[in-house]
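# sequence first, predicted model second:
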Amino acid sequence: MKRDFTVRKYGELLDAFTEAGYNFQRVEDFIQKPNAQVVVLRHDVDLRNWAAIRLAKLEASLGIKSTYYFRIGPQSYNPKIIKQIVDLGHEIGYHYEDLATCNGDIEEAIHSFEKNLSKIRYFYPVKTVCMHGSSGSPYDNRDLWNYYKLEDFSLICEPYISLDYNKVLYLSDTGRRWNGFKMSLRDNVKSSYNYNFYKTKDIIKNIETLPKQILINAHPEQWTNNLPEWLFVKIFSIAHTFYKIHYRNPKIKG
């Protein structure tokens, strides 16, 4: 049986989109000049930052440029890795979680945001940022933008709030499945589309039925060819999903 969520399988997914006539854009490029038939590739680097290099190198070998959002913290932020990904031609952005880490204090959070954004901008002229779900926190990091504007920080896009998902299909691998939005508090969008893919092969099989514009969020730590690592991530995903459904999500909603 072929394993899903390997780097090889990710390559098969990219090849399938290419064969179906799609091209690829970074988030900043799509916002400024969107292609008609396109997959916008976005990567939230939440954990195990070295995994981002695997996808970044594969994409570069295929002539594809994508977007990588880094958190501030040792599990994500790593100057050496960020530099390598920038050198491969990819976009870098800030995966912010300041409202959660500042316990809902808006003023403290925006100062934290600006400080952390400058750290990422040391490596790349950041134009887009994307919130980290911080699903263990009662605070939604996107609420910062109820008080401030992206343009105040020379930003042009926050994917969760700047795109029309009635026109752009959103696909995320959260929970190591493509319909994990059903279990996620914040990694989901309001959309008229009603696709319900579970495995990567389900997307490939139905690729001809998909809309012309798609945004894919692929978390690098989910994808590995290494069997021990793959098994670890699978077990962790199963346990974490159980925890989210039966404890964390009801607690946060409450």
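That came through, no problem.
# so residue 32 sits against residue 156, correct?
Yes: using Cβ atoms under 8 Å, residue 32 makes contact with residue 156 at a distance of 7.2 Å. Using the backbone N, CA and C atoms, a C-beta is placed for each residue, glycine as well.
# after the longest strand along the chain comes which helix or strand?
As assigned by DSSP state E, the longest strand anywhere in the chain is strand 38-45. Sequence order places helix 50-61 as the next helix or strand after strand 38-45, per DSSP states H and E.
# now what about that next one, what contacts it?
7, 10-11, 14, 24, 41, 43, 45, 65-66, 68, 78, 81, 84-85, 88-90, 218, 220-221, 223-224 (Cβ atoms under 8 Å, 6 or more residues apart in numbering).
# let's see 6 Å
With contacts defined as Cβ atoms under 6 Å, 6 or more residues apart in numbering, helix 50-61 is touched by 7, 11, 45, 66, 68, 85, 88, 90, 220, 221.
# returning to that earlier point: what is the longest strand of the chain packed up against?
On a contact count with 3 or more Cβ pairs under 6 Å, 6 or more residues apart in numbering; DSSP states H and E, strand 38-45 meets strand 23-25, helix 27-32, strand 67-70, strand 213-217.
# partners of the third one in the sheet?
If I follow you right, that is strand 67-70. In the sheet, strand 67-70 lines up against strand 38-45 (parallel), strand 91-96 (parallel) (DSSP bridges).
# run the chain-centre distance for it.
In this view, strand 67-70 has its centroid 7 Å away from the chain centroid, taken as Cα atoms, centre = their mean, to the nearest Å.
# keeping just the C-alphas, turn that strand into CSV.
Taking Å, rounded to 0.1, in the frame of the first residue of the first chain, the C-alpha atoms of strand 67-70 are listed here in CSV:
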residue,chain,number,x,y,z
THR,A,67,5.1,30.9,0.1
TYR,A,68,6.5,29.9,3.6
TYR,A,69,5.1,31.4,6.8
PHE,A,70,7.4,31.2,9.8
